[in-house]
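Engineer: This is the structure alone, sequence omitted:
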């Protein structure tokens with residue numbers, strides 16, 4: 001009997017220790033924020049989707065042990081609802097629909113799951129108390145590339161390939177035009193839209209048409225722009241160049257035609273989301289991205305740096321310093337009033 005009582009006490013002690021350990025682990029995990037990402041393309045598209053994926057992984061490095069991350073690729077808005085339901089059922093703290101095309105879905109799902117935070121962008125709209133939006137003020141990145149294009153073009157014909165005339169793409173395009181005109185009033189910027197964020201083929205066709213019309217510097221935004229860069233790369237021995245909207249473009253085979261690139265540093269958005277959730281703020285706010293809050297990164301391509309004159313570099317650095325300083329948007333404050341040629 002005594003041996004039996006001792007055995008029961010020992011089992012009770014072990015069970016108590018296991019329970020205590022489980023409780024401790026739960027308490028230790030309570031500050032982990034589970035983030036789910038839904039994207040229409042892939043995490044290695046050298047553009048829009050990869051930029052957010054890279055931003056989240058960087059934020060994970062900057063916040064050790066704080067972020068748990070999953071993603072769903074190739075999700076059209078009509079199909080993404082199932083992914084949202086899955087993540088909601090798995091207890092994710094914040095679900096990001098990375099693209100303005102997810103706005104309606106996120107708005108509807110946020111109303112169904114008021115205890116979960118949602119986010120979408122690019123947009124400056126506030127659509128719900130548990131929804132964050134984020135907006136890259138990409139007129140800044142466009143302006144820098146526009147300065148380079150305007151000072152470097154020999155034909156005074158420049159090509160710009162947009163996805164749609166809305167959101168951060170519209171801001172980039174107009175900032176680019178402002179940059180070109182700031183240094184070269186005689187330049188003509190040809191603007192065309194593919195109507196898609198991921199139609200590489202259409203972007204290639206647009207770029208080829210612009211090159212045939214005399215464009216010697218081209219640019220474009222979103223993942224579809226990769227098609228434009230591929231068209232430029234076909235002119236290996238011609239003085240035709242690309243100024244990019246994603247640093248990943250520098251490192252790919254076509255990168256030998258890239259003069260510069262700016263990337264969205266979505267780690268700035270993710271870090272802000274973590275801070276907001278820590279403070280008990282679950283949505284109802286817009287998160288801006290700009291050079292001043294480290295939301296952007298700009299880089300010249302060292303492999304093509306010989307094309308960048310000291311005058312061009314000085315002009316770009318001057319604008320970059322203004323964006324990072326208190327002056328902020330001084331040179332692009334009127335971006336929305338820009339009319340295309």
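Structural biologist: Received it, and whenever you're ready, just let me know what you need. Note that the structure is predicted; figures quoted are calculated from it, not measured.
Engineer: in this structure, which spans are helices?
Structural biologist: 2-29, 48-62, 80-89, 103-112, 139-152, 167-183, 200-212, 225-233, 267-278, 310-324 (DSSP state H).
Engineer: ok, now which ones touch residue 264?
Structural biologist: 51, 52, 55, 136, 138, 246, 289, 295, 296 (Cβ atoms under 8 Å, 6 or more residues apart in numbering). Just so you know, the C-beta spots here come from the backbone N, C-alpha and C atoms, and that holds for glycine as well.
Engineer: Near the residue lying closest to residue 166 once chain neighbours are set aside, how many other residues are there?
Structural biologist: Excluding the flanking residues, the one nearest residue 166 by Cβ to Cβ, 6 or more residues apart in numbering is residue 100, at 7.1 Å. Using other Cβ atoms under 10 Å, residue 100 has 20 neighbouring residues.
Engineer: ok, now residue 279?
Structural biologist: 8.
Engineer: Next one, pLDDT for it please.
Structural biologist: Residue 279 is assigned a pLDDT of 97 by the prediction.
Engineer: Contacts only, for it.
Structural biologist: Counted by Cβ under 8 Å, 6+ apart, residue 279 has zero contacts.
Engineer: still on that earlier bit, may I ask you to confirm that the residue nearest to residue 166 is in contact with residue 121?
Structural biologist: Yes. Counting by Cβ atoms under 8 Å, residue 100 touches residue 121, with 7.0 Å between them.
Engineer: Provide a list of residues in contact with the closest residue to residue 338 other than its chain neighbours.
Structural biologist: Using Cβ to Cβ, 6+ apart and skipping the chain neighbours, the partner closest in space to residue 338 is residue 174 (3.9 Å). By Cβ under 8 Å, 6+ apart, the residues touching residue 174 are 139, 142, 335, 336, 338.
Engineer: ok, now which ones touch the first one?
Structural biologist: Put plainly, it is residue 139. Here residue 139 is in contact with 171, 172, 174, 175, 178, 329, 332, 335 (Cβ under 8 Å, 6+ apart).
Engineer: If we use 10 Å, what do you get?
Structural biologist: By Cβ atoms under 10 Å, 6 or more residues apart in numbering, the contact list for residue 139 reads 146, 168, 170-179, 290, 323, 329, 331-336, 338.
Engineer: Would you mind listing which of those are buried?
Structural biologist: Buried members of those, scored by 16 or more other Cβ atoms under 10 Å, are 146, 168, 170-179, 290, 323, 329, 331-332, 335, 338.
Engineer: about what we covered before: ok, which of the helices of the chain comes nearest residue 259?
Structural biologist: helix 139-152 (6.0 Å; Cβ to Cβ).
Engineer: pLDDT on the closest one, on average?
Structural biologist: 97.
Engineer: Stretch 105-117 now?
Structural biologist: According to the model, stretch 105-117 has a mean pLDDT of 97.
Engineer: Can you give me the buried ones in that stretch?
Structural biologist: Across stretch 105-117, burial judged by 16+ other Cβ under 10 Å covers 105, 106, 107, 109, 110, 113, 116, 117.
Engineer: can I get the residues you listed in CSV with distance to residue 226?
Structural biologist: Below are those laid out as CSV (distance: Cβ to Cβ, whole Å):
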residue, distance to residue 226
105, 26
106, 26
107, 30
109, 30
110, 32
113, 35
116, 33
117, 32
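Engineer: tell me which residues in stretch 244-263 are buried?
Structural biologist: In stretch 244-263, counting by 16+ other Cβ under 10 Å, buried: 244-250, 254-255, 257-263.
Engineer: Next step: the residues you listed restricted to strands.
Structural biologist: Counted as lying in strands by DSSP state E, out of these, are 244, 258, 259, 260, 261, 262, 263.
Engineer: Residue 319: how many residues sit nearby?
Structural biologist: 23.
Engineer: picking up where we left off before, would JSON lines of the ones in strands among the buried residues of stretch 244-263 with distance to residue 273 and pLDDT be doable?
Structural biologist: As requested, those are arranged in JSON lines below (distance: Cβ to Cβ, whole Å; pLDDT from 0 to 100):
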{"residue": "244", "distance to residue 273": "27", "pLDDT": "94"}
{"residue": "258", "distance to residue 273": "31", "pLDDT": "98"}
{"residue": "259", "distance to residue 273": "33", "pLDDT": "98"}
{"residue": "260", "distance to residue 273": "29", "pLDDT": "97"}
{"residue": "261", "distance to residue 273": "25", "pLDDT": "95"}
{"residue": "262", "distance to residue 273": "22", "pLDDT": "91"}
{"residue": "263", "distance to residue 273": "19", "pLDDT": "85"}
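Engineer: Between those residues, which sits nearest residue 318?
Structural biologist: residue 260 (14.9 Å).
Engineer: How is the chain divided into domains?
Structural biologist: Domain assignment for the chain, taken from automatic domain parsing, gives 30-137+266-289, 139-263+298-337.
Engineer: circling back: which among the contacts of residue 174 gets closest to residue 47?
Structural biologist: Proximity of those to residue 47 (Cβ to Cβ) peaks at residue 142, which lies at 15.2 Å.
Engineer: Would you mind confirming that that closest one makes contact with residue 332?
Structural biologist: Yes. Counting by Cβ atoms under 10 Å, residue 332 is a contact partner of residue 142 at 8.0 Å.
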